[in-house]
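Asks: What shape does this take:
(4 chains)
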There are 4 protein chains.
Amino acid sequence: MKLGMIGLGKMGFNLTQNLLDHGHTVVANDVNEDAVKEIAGHGAVPANSIRELVAGLEAPRIVWIMVPAGKIVDGVLDELSGLLEAGDIVIEGGNSHYKESVERAARMGERGIAYFDVGTSGGTEGARHGACFMVGGDKDKFAVIEPLFRDLSVPNGYLYGGAGGSGHFLKMVHNGIEYGMMQAIAEGFEVLDKSPFDFDYEQVARVWANGSVIRSWLMDLTERAFSKDPKLAGIKGVMQSSGEGKWTVETALELQASAPVIAMSLFMRYRSLDDDTFHGKVVAALRNEFGGHAVVKND
Amino acid sequence: MKLGMIGLGKMGFNLTQNLLDHGHTVVANDVNEDAVKEIAGHGAVPANSIRELVAGLEAPRIVWIMVPAGKIVDGVLDELSGLLEAGDIVIEGGNSHYKESVERAARMGERGIAYFDVGTSGGTEGARHGACFMVGGDKDKFAVIEPLFRDLSVPNGYLYGGAGGSGHFLKMVHNGIEYGMMQAIAEGFEVLDKSPFDFDYEQVARVWANGSVIRSWLMDLTERAFSKDPKLAGIKGVMQSSGEGKWTVETALELQASAPVIAMSLFMRYRSLDDDTFHGKVVAALRNEFGGHAVVKND
Amino acid sequence: MKLGMIGLGKMGFNLTQNLLDHGHTVVANDVNEDAVKEIAGHGAVPANSIRELVAGLEAPRIVWIMVPAGKIVDGVLDELSGLLEAGDIVIEGGNSHYKESVERAARMGERGIAYFDVGTSGGTEGARHGACFMVGGDKDKFAVIEPLFRDLSVPNGYLYGGAGGSGHFLKMVHNGIEYGMMQAIAEGFEVLDKSPFDFDYEQVARVWANGSVIRSWLMDLTERAFSKDPKLAGIKGVMQSSGEGKWTVETALELQASAPVIAMSLFMRYRSLDDDTFHGKVVAALRNEFGGHAVVKND
Amino acid sequence: MKLGMIGLGKMGFNLTQNLLDHGHTVVANDVNEDAVKEIAGHGAVPANSIRELVAGLEAPRIVWIMVPAGKIVDGVLDELSGLLEAGDIVIEGGNSHYKESVERAARMGERGIAYFDVGTSGGTEGARHGACFMVGGDKDKFAVIEPLFRDLSVPNGYLYGGAGGSGHFLKMVHNGIEYGMMQAIAEGFEVLDKSPFDFDYEQVARVWANGSVIRSWLMDLTERAFSKDPKLAGIKGVMQSSGEGKWTVETALELQASAPVIAMSLFMRYRSLDDDTFHGKVVAALRNEFGGHAVVKND
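Replies: Below you'll find the model as predicted:
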């Protein structure tokens, strides 16, 4: 098939290579001209603007957007909607909030453009060699683009999830689960690290990754991380987050669904951003007030 | 009434003064001779040993033990059980585990000695001027010592809770609730501290302490703490704990009772003891592995 | 002083009586005509419409709005803004989201109307006999209305908290703390209830309410609740919530503040709304899959 | 090799078959005579008593114990210690607490018997076709029995973890992680189930099991569970637990390690055992007391 790809960051670049490997024709654009040149070297058709990209496609056009979530997506959509026509298809594969995708699908739908929200998982490796896709949008039109997902994913690695927004909803919840799994694994190693035993963490991760109930890709990655730095001595325990975990907790609140493990995973991440905490000061001060318990003073 | 007091630390000393204020005769002993001399200056009968203390009482004797929980209590009981006789009464007012109290009551009961486990709350101020007591032990014998609790407590501030161990069980759970309340208050101020507003925390604590749903002694103490250090800038957020919160969580686990708030309060205390965490390193390393997210390096 | 009161529900009615007790003149309106008649019987000036209420006041007018949060407040404000003039003052005392209050203050400010957002705590009893108020808005104008709060509150029971929105922000966080305190108390009684002892919960609550570290109005209320129903046998453990706890958690997420106890308190409330849970089914099914552990079947 | 197997339940039976498949000679015993007969049918040497089992082995003997954890293990060890001699080896593969294993290793060590504590994971399928083993005990002696684990496990699926107790410690923590992972997955499906979308859970589990970051054996099993009952309508969300999750939380408490996610996973299991909760009643009663909020009455 022939399609356009807007956005050649880590994910978009790898997806494009993956598409090219499978014999698709990709007209590729990015604000970074070097990325456009580089992907052209791999066989993509370079496009120096979105206008040029659209001009390089024939109706019904398929355009895949793989740019940072938020206003950048809306900017691209604004530009695209003046260039595309009824019957064209837009695939948005970034980490957008599912409510934004519902709105965007409606907006594009008014112009007769089919809009698919696609949650992508599997990391940069997956994008390159076989990832996992959760797709929301019009069911009939999905048949048109399904071959792309069949080629880009691992076997059984894509799903048409339902109405518009459902793709990003699934990806959001996937990431919430990911937060919980990662924190569970991490707490386990924390207990090992405070235990009286002297474990080889790389070996522990390896045995847990092979044959155990908790075998998983995350455990494979844990093994890999310890293989590079046996006690992770070189890095700080600062746990950043990129938004979907927070969205999952917010959605759980909205749906009145109890999600304590996902929420605690997120709160421990926030806790890790602070060297000291105000709540800790308050508790320490209170213990001093009622029990005369000594506080630890700041220097 | 006449009784012996073993242990003249912060709590035992204040309780003795409180007893003396109410006209009781107290034979007082401590391993620290200065404390014995000091309390004698307030009107207590000094005893330089437990033997001397017991000799200073008439049967049926009443001995109050107010020493650090654990083996020290057992040491005192071992010595006492060779000196006391059937019909005598022992009151143990420290922060003992309720299961220890059940065992000790049985051990003393074999010699005909009535044993009361007493949970004491209200801090050092309460011990001096009116505290809160939760008492477990033989119901009939409790009538003998009830006047002491009536005098030492604030109005409605003592309770015969039931069989041996129930006093320390109530105190344990009381402290578990205390952990949860303190953490709830502390989290509230953490949210204020990260808010875009510029609150005067002492004033906030004062208004919450007067007329609100969350008015409480802990809020009074919060106000007092902020009055001394408006932003608690001088202290670190290190939250020590002395055991009863942990016992409450362990007991909840044993009873299969869901106690998430008390447990989280305790875990946040443990978290505060570490500058950095191993679980944080593991999560940060995993994010790097699958998503290429940058880690914060150690210097 | 003379002021208008819009909204005569449980809170508005009691506040009006409280104002009348203190010699203020209150022109009172509600969509429920019976409530208007009833408050007139207590000495208020009845107003059958907002227009009539405003007509009954002299510039600079003071209007207190005490209606359910959300669109009803906006409806009242829309009507009021056509009737009030520059220099008038609006006090909004409901449980509004602080961000709404920031917007409303800006909207009213464009017309020269000073807008105060007021968080009210202390329940219906407090509204009647002395409550707790947290006020946000213009500091200079606050001096004009301060006498009202001095009269309506318990001693030290009101606070000018800062810029517009700060009053409702403080109330929101207050409620978050309230959720945590309530859950902590409740978990304590859950542990008692599953313990081998046979406690009299009313007596336990009473002794904890007197002299202990956890003495608080909530513990007084716990005692009162058990005095009416010693084991709470007549009610189900369904824990509704009215929004501020959720807002506190959402705000904590937005501010990246760790608030595990407040969040868990809320999630346990949501959990209580379901007789059975889907997450429980998934875990039970998984245990069956990997370990052959029996599941509990539905009838 | 030749060894004895005591205990032919789901795990012991499958392990024995697995050993037989790999050409080992297994003298097998169980209190259930039918199980002994059945395994004899698969090629094991039947032993109608532990004495007979030991008699069927030559020094240095190897005896694998696979019986329910707790006193049954101690009973078997008591009997064995009168039959084995210095130089013999005991392997205990059940879900014992690691502290018990430390004690048992010391007890057996006094008689010159090497004792290995083995945590086994992978479920009954793993026992049959390739599991995961974590082994604690004497390092030198481990070389003697290592061939057994090489044969019984999947590739890279066994680990000598260190001193006595370390095998069961690793298994305990493994199960703690398992609790957290399962709850994370389950919460994700709970959010899906309360969402406005209409997902096919089997398909969702399948796509998440293929190519995503959260791909794992547990997700494979989730897919399998949904393939049997698409909405899990036939089962109740009652989440039993068998002890290791509780031990992990207790160990975390003891080590002052923060393990909120594992703890919350366990508390949600306990919560699921109750149709109604006492803590819920207390919170509902309190809301009624201070705010007049209606309670849900029991019929």
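
Asks: Going by C-alpha atoms from here, please, whenever you check contacts or count neighbours.
Replies: Fine.

Asks: what about residue A:159, which SS state?
Replies: With DSSP: H, G, I helix; E, B strand; the rest coil as the basis, residue A:159 sits in strand.

Asks: doesn't residue D:201 make contact with it?
Replies: No: if you go by CA atoms under 8 Å, residue A:159 and residue D:201 don't touch, sitting 11.0 Å apart.

Asks: do stretch A:242-252 and chain C meet?
Replies: Yes: shown here: stretch A:242-252 in contact with chain C (CA under 8 Å from any CA of the partner chain) through A:246, A:250.

Asks: Let me see the mean pLDDT of that stretch.
Replies: In this model, stretch A:242-252 has an average pLDDT of 96.

Asks: roughly how far is that stretch from the heart of the chain?
Replies: How far stretch A:242-252 lies from its chain's middle: 12 Å, per CA atoms, centre = their mean, to the nearest Å.

Asks: Is that stretch in proximity to chain D?
Replies: Yes: under the criterion of CA under 8 Å from any CA, chain D is reached by stretch A:242-252 at A:251, A:252.

Asks: Is any residue of that stretch near chain B?
Replies: No: applying CA under 8 Å from any CA, one finds stretch A:242-252 separated from chain B by no less than 9.7 Å.

Asks: try stretch A:64-71
Replies: No: between stretch A:64-71 and chain B, judged by CA under 8 Å from any CA, nothing touches; the nearest distance is 14.2 Å.

Asks: first to last residue in that stretch, what's the distance?
Replies: Taking CA to CA, to the nearest Å, the span from the opening residue of stretch A:64-71 to its closing residue is 17 Å.

Asks: go on, stretch A:26-45?
Replies: End-to-end distance (CA to CA), stretch A:26-45: 6 Å.

Asks: again with stretch A:110-123
Replies: First-to-last residue span, stretch A:110-123, CA to CA: 33 Å.

Asks: and it, anywhere near chain D?
Replies: Yes: judged by CA under 8 Å from any CA, stretch A:110-123 and chain D are in contact via A:121, A:122, A:123.

Asks: So which of the residues you listed wins on neighbours?
Replies: Within the residues of stretch A:110-123 next to chain D, most neighbours by other CA atoms under 10 Å in any protein chain shown means residue A:121, with 28 neighbours.

Asks: Show me what it is bridged to.
Replies: Beta-bridge partners of residue A:121, counted by DSSP bridges, are residue A:132.

Asks: show me what contacts it?
Replies: Contact criterion CA atoms under 8 Å, 6 or more residues apart in numbering or on different chains gives A:127, A:131, A:132, A:133, A:171, D:211, D:212, D:213 as the residues in contact with residue A:121.

Asks: Is the helix or strand the fifth one falls within positioned near chain B?
Replies: Using DSSP states H and E, residue A:171 maps to helix A:166-194. Yes: on the criterion CA under 8 Å from any CA, helix A:166-194 is in touch with chain B at A:182, A:183, A:186, A:187, A:188, A:189, A:190, A:193.

Asks: Do a quick rundown of the helices in chain A.
Replies: Secondary structure of chain A by DSSP state H: the helices cover A:10-21, A:33-41, A:50-55, A:71-81, A:98-109, A:123-129, A:139-152, A:166-194, A:201-208, A:217-228, A:244-255, A:260-272, A:278-291.

Asks: what pLDDT does the residue lying closest to residue A:152 once chain neighbours are set aside get?
Replies: Closest residue to residue A:152 apart from its sequence neighbours, by CA to CA, 6 or more residues apart in numbering or on different chains: residue A:130 at 5.5 Å. The predicted local distance difference test score for residue A:130 is 96.

Asks: For residue A:130, grab the count of nearby residues.
Replies: Residues contacting residue A:130 under the criterion other CA under 10 Å number 25.

Asks: ditto for residue A:286
Replies: Using other CA under 10 Å, residue A:286 is surrounded by 26 other residues.

Asks: my guess is it contacts residue B:226, does it?
Replies: No: Residue A:286 lies out of contact with residue B:226 (CA under 8 Å); the separation is 9.9 Å.

Asks: picking that back up, want to throw the contacts of residue A:121 into JSON lines with distance to residue C:264 and neighbour count?
Replies: Below are these laid out as JSON lines (distance: CA to CA, whole Å; neighbours: other CA atoms under 10 Å in any protein chain shown):
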{"residue": "A:127", "distance to residue C:264": "37", "neighbour count": "26"}
{"residue": "A:131", "distance to residue C:264": "35", "neighbour count": "28"}
{"residue": "A:132", "distance to residue C:264": "32", "neighbour count": "31"}
{"residue": "A:133", "distance to residue C:264": "32", "neighbour count": "34"}
{"residue": "A:171", "distance to residue C:264": "24", "neighbour count": "28"}
{"residue": "D:211", "distance to residue C:264": "32", "neighbour count": "29"}
{"residue": "D:212", "distance to residue C:264": "29", "neighbour count": "27"}
{"residue": "D:213", "distance to residue C:264": "27", "neighbour count": "25"}
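
Asks: Which secondary structure element of chain A has the lowest mean pLDDT?
Replies: When the helices and strands of chain A are compared on mean pLDDT, DSSP states H and E, helix A:123-129 comes out lowest with a mean of 92.

Asks: hmm, that one touching chain B?
Replies: Yes: with CA under 8 Å from any CA as the threshold, helix A:123-129 lies in contact with chain B, specifically through A:123, A:124, A:125.

Asks: and the residue of chain A nearest chain D?
Replies: Each residue of chain A has a distance to chain D, by CA to the nearest CA, and the smallest belongs to residue A:216, at 3.8 Å.

Asks: For residue B:182, see how far away the nearest residue to residue A:284 once chain neighbours are set aside is.
Replies: In space, not counting the residues next to it along the chain, residue A:284 is nearest to residue B:239; the distance is 5.3 Å by CA to CA, 6+ apart. Counting by CA to CA, the gap from residue B:239 to residue B:182 is 11 Å.

Asks: For the residue lying closest to residue A:208 once chain neighbours are set aside, list the residues it contacts.
Replies: Taking CA to CA, 6+ apart as the measure, residue A:208 lies nearest to residue A:215, with 5.8 Å between them; neighbours along the chain are not counted. Contacts for residue A:215 (CA under 8 Å, 6+ apart) come out as A:208, A:209, D:216, D:217, D:218.
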